[in-house]
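Engineer: Sequence unavailable; structure follows:
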């Protein structure tokens, strides 16, 4: 028994020293995939079997974005629906629902600096709902629209598209996490990859051991890499937008688009007769975006207001809303 005990102690010491050496090496190497980092999943987001991830309702937090010239820390407050917005007003006001990714959610800006707040001031007779979720693709936005529909019954749905939607929609892995994906087929297609696998970053965040030990993160990463296969598919973005348009119009509502897609979808929008407006800033107005290390980042408050003004003009020109109040 003494020899067995001594052997067990020796082996335990070897294991502990080995793990300590691995931990030191991983901390010094600082591999990107093992960082907790500043991304969407460091927000109060929870695993969602249908959508991949979704904001936790009724939570408040601080978040430091990527605006390198401002180093802003923004306040994030989710309402009872899990949206970064005020509580939806009760009453009979017609509802305008805005869908999109981090541009609509308001990366690097406070909630009252976003385009939806601009619309709220200019359209006081309407209920404006910001349903942007950072990191979402069009497939997730479509599923979120269906989830929110019965509770909000919007009369207008505004989708803000971005050039990286094509990449996000072309597989089951988006920004740092697994997500559902839509497989187009001759019969129309279907959503696949549900329930969505838990990504390594969600597993990191949900484990005290993973939050504090790099070798645990490495073990989780290896497990996820081999247990959950990444899938790539042909880009279904156009099909998804048709689905969203048809879903909205079948329920008597109107569907319009604000595009940040580099004009790659303009011909499609025109062919499908979907009212749209470009939200790109003028070439000589880089001040509408934050400056980051590799170029222009998300809209700053001026960019958000400019986007709101363009969307408002689109709504008025297409008879979606009759008039707008002066900004206050």
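Structural biologist: Now that the structure is in, tell me what you want to look at. A quick note: this is a predicted structure, and the numbers were derived from the prediction, not measured.
Engineer: quick one: secondary structure of residue 116?
Structural biologist: Judged by DSSP: H, G, I helix; E, B strand; the rest coil, the three-state class of residue 116 is helix.
Engineer: Please disregard the earlier target; I meant residue 125.
Structural biologist: At residue 125 the chain is in coil, as set by three-state DSSP.
Engineer: quick one: it from residue 256, how far?
Structural biologist: Relative to residue 256, residue 125 is positioned 18 Å away (Cβ to Cβ, to the nearest Å). Using the backbone N, CA and C atoms, a C-beta is placed for each residue, glycine as well.
Engineer: What are the buried residues along stretch 178-193?
Structural biologist: Using 16 or more other Cβ atoms under 10 Å as the test for burial, stretch 178-193 gives 178, 179, 180, 181, 182, 193.
Engineer: now for these, which pair is the farthest apart?
Structural biologist: For the buried residues of stretch 178-193, the maximum inter-member distance is 14.4 Å, found between 178 and 182 (Cβ to Cβ).
Engineer: distance of residue 81 from residue 215?
Structural biologist: Using Cβ to Cβ, residue 81 is found at 39 Å from residue 215.
Engineer: now the end-to-end length of stretch 168-188.
Structural biologist: Distance across stretch 168-188, first residue to last, is 20 Å (Cα to Cα, to the nearest Å).
Engineer: now swap in stretch 106-119 and tell me
Structural biologist: End to end - Cα to Cα - stretch 106-119 spans 14 Å.
Engineer: Quick one: mean pLDDT for it?
Structural biologist: On average, the pLDDT along stretch 106-119 is 95.
Engineer: hmm, who's touching that stretch?
Structural biologist: Stretch 106-119 is contacted from outside by 65-67, 70, 72, 74-77, 84-85, 96, 98, 104, 126, 128-130, 132, 134, 290, 297-301, 304-305, 307-309, 311-312, 327, using Cβ atoms under 8 Å, 6 or more residues apart in numbering.
Engineer: Report the buried residues of that stretch.
Structural biologist: 106, 107, 108, 109, 111, 113, 114, 115, 116, 117, 118, 119.
Engineer: Over to stretch 144-163?
Structural biologist: Residues 144-145, 147-149, 152, 154-162 are the ones in stretch 144-163 that count as buried (16+ other Cβ under 10 Å).
Engineer: quick one: stretch 120-131 to chain centroid distance?
Structural biologist: Relative to its chain's centre, stretch 120-131 lies at 21 Å (Cα atoms, centre = their mean, to the nearest Å).
Engineer: Name the residues of it that are buried.
Structural biologist: 120, 121, 122, 123, 126, 127, 128, 129, 130, 131.
Engineer: surely the fourth one meets residue 322?
Structural biologist: Which is residue 123. No: Residue 123 is beyond contact range of residue 322, at 9.9 Å (criterion: Cβ atoms under 8 Å).
Engineer: can you tell me the average pLDDT over the top helix by length along the chain?
Structural biologist: When the chain is parsed with DSSP state H, its longest helix is helix 2-29. Model confidence over helix 2-29, given as mean pLDDT, is 92.
Engineer: Which other helices and strands does it contact?
Structural biologist: helix 214-227 (3 or more Cβ pairs under 8 Å, 6 or more residues apart in numbering; DSSP states H and E).
Engineer: and residue 290, that's in a helix?
Structural biologist: No: checked against three-state DSSP, residue 290 lies outside a helix; its state is strand.
Engineer: Start at 28, not 1
Structural biologist: Let's use 28 as the start, then, which means that last one is residue 317.
Engineer: Could you check stretch 230-244 and say which residues are buried?
Structural biologist: In stretch 230-244, counting by 16+ other Cβ under 10 Å, buried: 230, 231, 232, 237, 240, 241, 242, 243, 244.
Engineer: pLDDT check: weakest of the residues you listed?
Structural biologist: Out of these, that is residue 232, at 79.
Engineer: Surely that one is in contact with residue 238?
Structural biologist: Yes: at 6.9 Å, residue 232 and residue 238 qualify as touching, with contact defined as Cβ under 8 Å.
Engineer: what's the overlap in contacts for these two?
Structural biologist: With Cβ under 8 Å, 6+ apart, residue 232 and residue 238 have common neighbours residue 63.
Engineer: so where is the chain shaky, pLDDT-wise?
Structural biologist: Residue ranges of the chain with pLDDT under 70: 64-69, 93-98, 309-311, 320-321, 350-355.
Engineer: can you map out the helices along it?
Structural biologist: Applying DSSP H to the chain gives helices spanning 29-56, 129-132, 142-149, 165-179, 192-196, 227-232, 235-239, 241-254, 264-277, 293-298, 328-344.
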